[in-house]
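**Student:** this one's structure only:
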């Protein structure tokens, strides 16, 4: 609950009229991202404890079942507030500023023609409708993927056929009109143009989204005891890799559905996903609010805070870039305390590592990587140092939540470049 208290403070920022509009939109997106992470990690952990019948009392005096119910109620309350802020506050303000989020049926004929052309050229080729019937089982619903539940009428008065269409995540969620005059949600563009790819037009289309927990059942080969892990070199990497694979198929902890979806269909979906009615979240605003982080307002800097520009540390400002040894001489005069992100990372840590990687007098570099960017200049500098014959040792923390896969990939890349890589410390994070 204390973790959700932080989320509520971010939610308050999204509703604060004194904050620039696009910053409020970003805060709303951060709340969506926080709710996703909470449902994947904290909620799934609580659910496992409840399923195991845990009676352990938390420091707050609650059982796992009581705490599970409390956090679900708090999540539902925050989700309702976020929906109201978006629908009644942010969306009208975006329209006032000339960058509206427009429903497909509100677009004029010319705009709909452009959107239909966009669908035909850029979206339809990558869609794969999957029907569910006696010959086709219910498809796997991936974690945090946005989906359309399509009801297709059958001939001769038979019941409607269910078709799942996954909204592609490699297309922009917000489809822009020309000249940046607004956006239409991608799911609405798809729903309105399904007649181009289905034999008959659908009778109804509803959005839904499943959240899966971080826990799964790892492959037997990857599941090792502490004693086995100690005896088998590299077993920790294999075990984490197995857990990552299992996470894709972990149980569903939350199902977000369109308010218009009939209760009968919601119940059927819940049954297919193996969840109870209490795990269903009817979302009146935007399903997948984290997508608001992708929304931009080009040419409108007045709608955001001024861009933060970190400063170079006073002792590093006058260093001659043509003389790399100067940074070592400055450090030798005394320790330099860096406070990121206020002090520039590039002119301090990055410069030190890059200079060290090329300086012939540097014999070894040792460094720890916990989280890093997808195109990390630090990792590239370490690889360059190894290629130049330096002894480079890196500790890569592979249990950094949600960064395990990229960290393993970076570790393997560095190993191929000749870096000595250690993957964390056994039983410690």
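**Tutor:** Perfect, I can see it now. As the structure is a computational prediction, the values presented were derived from the model and not from experiment. Numbering: from 1, shown residues only.
**Student:** If you tally nearby residues, what's the number for the closest residue to residue 414 other than its chain neighbours?
**Tutor:** Once flanking residues are discounted, residue 414 sits nearest to residue 421: 5.3 Å by CB to CB, 6 or more residues apart in numbering. C-beta here means a position set from N, CA and C on the backbone, and glycine is covered the same way. Counted with other CB atoms under 10 Å, the neighbours of residue 421 add up to 20.
**Student:** which residues touch residue 421?
**Tutor:** Neighbouring residues of residue 421 by CB atoms under 8 Å, 6 or more residues apart in numbering: 393-396, 411, 414-415.
**Student:** Give the rounded mean pLDDT of the helix or strand harbouring it.
**Tutor:** Element membership for residue 421, per DSSP states H and E: strand 420-423. Throughout strand 420-423, pLDDT has a mean value of 86.
**Student:** Check the offset of that strand from the chain's centre.
**Tutor:** 27 Å (CA atoms, centre = their mean, to the nearest Å).
**Student:** Neighbouring strands of it in the sheet, and parallel or not?
**Tutor:** strand 391-396 (parallel) (DSSP bridges).
**Student:** Return the set of buried residues in the very next helix or strand once past the partner strand.
**Tutor:** Sequence order places helix 404-416 as the next helix or strand after strand 391-396, per DSSP H and E. Of the residues in helix 404-416, 404, 406-408, 410-411, 413-414 count as buried by neighbour count, 16 or more other CB atoms under 10 Å.
**Student:** Next, format these as TSV and append pLDDT and distance to residue 131.
**Tutor:** Listed next are those as TSV, based on pLDDT from 0 to 100; distance: CB to CB, whole Å:
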residue	pLDDT	distance to residue 131
404	69	35
406	73	36
407	74	39
408	77	37
410	80	41
411	83	42
413	87	42
414	90	46
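**Student:** Quick one: those residues as JSON lines, columns for distance to residue 339 too.
**Tutor:** Compiled in JSON lines, the buried residues of helix 404-416 are given as follows (distance: CB to CB, whole Å):
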{"residue": "404", "distance to residue 339": "28"}
{"residue": "406", "distance to residue 339": "26"}
{"residue": "407", "distance to residue 339": "25"}
{"residue": "408", "distance to residue 339": "30"}
{"residue": "410", "distance to residue 339": "26"}
{"residue": "411", "distance to residue 339": "29"}
{"residue": "413", "distance to residue 339": "30"}
{"residue": "414", "distance to residue 339": "28"}
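**Student:** What is the nearest of the residues you listed to residue 357?
**Tutor:** Closest approach between the buried residues of helix 404-416 and residue 357, by CB to CB: residue 414, at 12.5 Å.
**Student:** In this structure that closest one contacts residue 383, no?
**Tutor:** Yes: with contacts counted by CB atoms under 8 Å, residue 414 reaches residue 383, the gap being 6.2 Å.
**Student:** picking up where we left off before, closest to residue 29 out of the buried residues of helix 404-416?
**Tutor:** For these, the nearest to residue 29 is residue 406 (21.4 Å; CB to CB).
**Student:** my guess is that closest one contacts residue 374, does it?
**Tutor:** Yes: contact criterion CB under 8 Å: residue 406 and residue 374 qualify, at 6.9 Å.
**Student:** leaving aside the residues next to it on the chain, what's closest to residue 165?
**Tutor:** residue 148 (4.3 Å).
**Student:** Low-confidence regions, this structure specifically.
**Tutor:** Applying pLDDT under 70 to the chain flags residues 155-158, 215-250, 399-404, 425-429.
**Student:** mind listing the helices for it?
**Tutor:** With DSSP state H, the ranges of helices along the chain come out as 2-14, 21-38, 44-51, 64-84, 91-96, 109-118, 186-192, 226-231, 235-247, 263-273, 325-332, 351-358, 377-387, 404-416.
**Student:** Could you export these to TSV, including columns for distance to residue 130?
**Tutor:** Formatted as TSV, the helices of the chain follow (distance: least, CB to CB, whole Å):
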stretch	distance to residue 130
helix 2-14	34
helix 21-38	24
helix 44-51	26
helix 64-84	28
helix 91-96	32
helix 109-118	23
helix 186-192	14
helix 226-231	39
helix 235-247	22
helix 263-273	12
helix 325-332	57
helix 351-358	48
helix 377-387	39
helix 404-416	26
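**Student:** Figure out which of the ones you listed is closest to residue 307.
**Tutor:** Comparing the helices of the chain by CB to CB, helix 21-38 comes nearest, at 11.9 Å.
**Student:** Look at residue 148 and say how many residues are nearby.
**Tutor:** Neighbour tally, residue 148, other CB under 10 Å: 22.
**Student:** Then residue 165?
**Tutor:** 22.
**Student:** wait, what's in contact with it?
**Tutor:** 127-130, 147-148, 150, 190, 194.
**Student:** Next one: it from residue 283, what distance?
**Tutor:** 18 Å (CB to CB, to the nearest Å).
**Student:** Likewise for residue 257?
**Tutor:** 7 Å.
**Student:** go on, residue 152?
**Tutor:** For residue 152 relative to residue 283 (CB to CB), the value is 24 Å.
**Student:** The two: who's more crowded?
**Tutor:** The residue with more neighbours, out of residue 152 and residue 283, is residue 283; 23 against 19, by other CB under 10 Å.
**Student:** Surely the more buried one is in contact with residue 83?
**Tutor:** Yes: using CB under 8 Å, residue 283 is in contact with residue 83, at 6.4 Å.
**Student:** which ones are touching residue 139?
**Tutor:** Counting by CB under 8 Å, 6+ apart, residue 139 has contacts 130, 132, 164.
**Student:** one step back: and the two most separated of the contacts of residue 421?
**Tutor:** 395 and 415 (13.0 Å).
**Student:** hmm, back to that, nearest to residue 312, out of the helices of the chain?
**Tutor:** helix 351-358 (9.6 Å).
**Student:** can you list contacts of that closest one?
**Tutor:** 316, 324, 327-328, 331, 362, 365, 367, 377-378, 381-382, 384-385, 388, 390.
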